[in-house]
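Q: Here's a sequence, model it:
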Amino acid sequence: MNRRDALSKVAILMGGTLTAPTLMAMSRVGEKPASVAGIADFSLTDTQRKIVAEVAEHIIPKTTTAGAKDAGVPAFIELMLKDCYKQPEHESFLEGVTNLEKSNFLGLSATEQVAVLKKLEAETNELMKTYNVKAVKVGDNVDKESMDAKKKGVPFWRLMKELTLSGYFTSEAGIKASFVYEEVPGKFEAIKLKPGQKAFAY
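A: Okay, here's the model as predicted:
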């Protein structure tokens, strides 16, 4: 399975719904950025990269299994935004990172950082109620022309969560942390999983 197929399957793990721009971005994986109309230059500063890494690690922290940093999620997020998302999402993401930078996010304690992110979660829940692009279920048709006409990007926090989960569960570290990974499986047969036993991923 290539990463493009894996990204599509991640949507199922996330409850079957993603914002339309993320579905559109997933459909562009593997394409050359220059060939996708409307994709402009996107880059983060070193400080912003550190903020993205810390936020991703709060979403999926390291425990007995790999966290977001170990799985390479921060680099995945920047690459996906640069190569597959369009300007509205670039602007909303940069606005969110800049706001965290202005609040001295990296200078806060872990507890204070979590408090900031919880407040951001509550604010984003309100923003999503009025967001002008409805979330669509995987498999539904996405009207590309309609999407191109939308100007307001998906809120920063929603993008962070979607990209963190997508990056983590399509990485080797993320798969191995969540499933029993069999690179070359044997025959398929029905088995009963024991309580607490991981499912298998091939």
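Q: check contacts around the closest residue to H90 other than its chain neighbours.
A: Once flanking residues are discounted, H90 sits nearest to F42: 4.7 Å by C-beta to C-beta, 6 or more residues apart in numbering. Glycine gets a C-beta too; all of them are placed from N, C-alpha and C. By C-beta atoms under 8 Å, 6 or more residues apart in numbering, F42 lies in contact with 78, 81-82, 85, 90, 94.
Q: Show me which of those are buried.
A: For those, a burial check counting by 16 or more other C-beta atoms under 10 Å picks out 78, 81-82, 85, 90, 94.
Q: circling back to that earlier point, just to be sure, the residue nearest to H90 is in a strand?
A: No: applying DSSP: H, G, I helix; E, B strand; the rest coil, one finds F42 to be coil, outside a strand.
Q: give me phi/psi at it?
A: phi -140, psi 130 (degrees, to the nearest 10).
Q: quick one: which of the contacts of F42 is nearest to L120?
A: Top of the list for closeness to L120, among the contacts of F42 and by C-beta to C-beta, is L94 at 15.0 Å.
Q: In the protein, mark out all the helices, start to finish.
A: Counting by DSSP state H, residue ranges of the helices within the chain are 3-13, 20-27, 46-59, 73-84, 87-102, 110-130, 144-149, 156-169, 172-178.
Q: What is the least confident helix or strand in the chain?
A: Least confident helix or strand of the chain, by mean pLDDT, DSSP states H and E, is strand 136-137 with a mean of 43.
Q: Give the closest residue to E91 in space, chain neighbours not counted.
A: Leaving out its chain neighbours, E91 is closest to G153 (C-beta to C-beta, 6+ apart), at 5.6 Å.
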